[in-house]
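Colleague: Sharing a model that was predicted from the sequence below.
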Amino acid sequence: MAEVIIVDTPAAAGEWVAQRISALVAGKPDAVLGLATGSTPLPVYAALERRVREEGLNLGHVRGFALDEYVGLPAEHPESYRSVIRRDVVERLGMNAELVCVPNGDRDGINTAGERYEADIRAAGGVDIQILGVGTSGHIGFNEPGSSLNSDTRVKALTEQTRRDNARFFPSIDEVPTHALTQGVGTILRAKHLVLLAFGAAKAEILAECVEGPVTASVPGSAVQLHRHVSVVVDEAAATHLRHIDYYRRSYEQRPEWLA
């Protein structure tokens, strides 16, 4: 069973994750982080930015691997994940841009881009902490429903639901790309520690399916149940559909120091 931590606000969730990342980096300055995009991980990056600014946290030697990238969107486009990672993560946190990788969504070479990205992750020693959000369709990364739970980095077609969800970042849904190069579910599961974030009532139903429902390719996020070290950090609104919510609260509140 995943460790489920229920907090009052997304900001509190960001602080919880930032503390774990800070502890990791203290013992391993060249740690490898799996970086998610979208609005969900922003509280984590905000909390890390505060630690960099006020506490001297040094992320300059940390390596990073983004989960995904749109296919065919120019790197300079403000909503390409290459731009987003540079803007929201690298520049804010003082990371070395040369150590932060994003899948190459350029159409030229797309047939081998996934294999090359997998090789880069292996060469870095694998991901230490992978930050994840979950889409309303149950996708993690851009692994849409039906994705193999053993999949590696490859091109996936986006569902219309995902494109509608992401249309808020574009002038219109017509400009949202139809495909993405994404780490596979199997790739994600090879990380040493998964941190799944979910905020707001709109994520409550799918979060419960991911954490407590059957493990199925129809809900790719449910694959986190197969991992040996998963922390699910959610706010009160996102936790409302969890059947075992009282157990999660009690388990976390009574967690012994030696176990933490």
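Modeller: Yes, it's here.

Colleague: for the helix ranked longest in the chain, packing partners?
Modeller: For the chain, the helix with the greatest residue count under DSSP state H is helix 10-27. Judged by 3 or more Cβ pairs under 8 Å, 6 or more residues apart in numbering; DSSP states H and E, helix 10-27 is in contact with strand 3-7, helix 42-55, strand 129-132, strand 193-198, strand 230-235. To be clear about C-beta, it is placed using only N, CA and C from the backbone, and glycine gets the same treatment.

Colleague: Ok, which of the ones you listed comes nearest Glu69?
Modeller: Glu69 sits nearest to strand 129-132 of all the helices and strands packed on helix 10-27, at 16.0 Å, using Cβ to Cβ.

Colleague: what's in contact with the closest one?
Modeller: The contact list for strand 129-132, computed with Cβ atoms under 8 Å, 6 or more residues apart in numbering, reads 17, 20-21, 24, 31, 33-36, 41, 44, 67, 140-141, 188, 191-197, 221, 224.

Colleague: Need phi/psi at the nearest residue to Leu189 once chain neighbours are set aside.
Modeller: Spatial nearest neighbour of Leu189, chain neighbours left out: His227 (5.6 Å); criterion: Cβ to Cβ, 6 or more residues apart in numbering. Note on His227: backbone dihedrals following degrees, to the nearest 10 are phi -90, psi 150.

Colleague: please renumber so the chain begins at 27
Modeller: Renumbered: residue one is now 27, and that last one reads His253.

Colleague: Tell me how many other residues surround His253.
Modeller: When neighbours are counted by other Cβ atoms under 10 Å, His253 registers 17.

Colleague: is it possible to export the helices and strands packed on helix 36-53 to CSV including mean pLDDT and mean neighbour count?
Modeller: Below are the helices and strands packed on helix 36-53 laid out as CSV (pLDDT from 0 to 100; neighbours: other Cβ atoms under 10 Å):
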stretch, mean pLDDT, mean neighbour count
strand 29-33, 97, 19
helix 68-81, 98, 18
strand 155-158, 98, 24
strand 219-224, 98, 24
strand 256-261, 98, 23
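
Colleague: and those as a markdown table, adding distance to Val181?
Modeller: Formatted as a markdown table, the helices and strands packed on helix 36-53 follow (distance: least, Cβ to Cβ, whole Å):
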| stretch | distance to Val181 |
| --- | --- |
| strand 29-33 | 33 |
| helix 68-81 | 26 |
| strand 155-158 | 20 |
| strand 219-224 | 23 |
| strand 256-261 | 27 |
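
Colleague: Please identify which of these is closest to Val116.
Modeller: Closest to Val116 of the helices and strands packed on helix 36-53 is helix 68-81 (Cβ to Cβ; 10.2 Å).

Colleague: Val128 is nearest to which of the helices and strands packed on helix 36-53?
Modeller: That would be strand 155-158 among the helices and strands packed on helix 36-53, by Cβ to Cβ, at 14.2 Å.

Colleague: Determine how far that closest one lies from the middle of the whole chain.
Modeller: 5 Å (Cα atoms, centre = their mean, to the nearest Å).

Colleague: Which strands and helices lie in contact with the following helix or strand past that strand?
Modeller: On the C-terminal side of strand 155-158, the closest following helix or strand by DSSP states H and E is strand 180-183. Where contact means 3+ Cβ pairs under 8 Å, 6+ apart, strand 180-183 is packed against helix 136-149, strand 205-208.

Colleague: Name every strand pairing with the shortest one and say which way it goes.
Modeller: According to DSSP bridges, the neighbouring strands of strand 205-208, each with its direction, are strand 94-96 (antiparallel), strand 180-183 (antiparallel).

Colleague: Highest mean neighbour count out of these?
Modeller: Stretch with highest mean neighbour count among the strands paired with strand 205-208: strand 94-96 (a mean of 24; mean count of other Cβ atoms under 10 Å).
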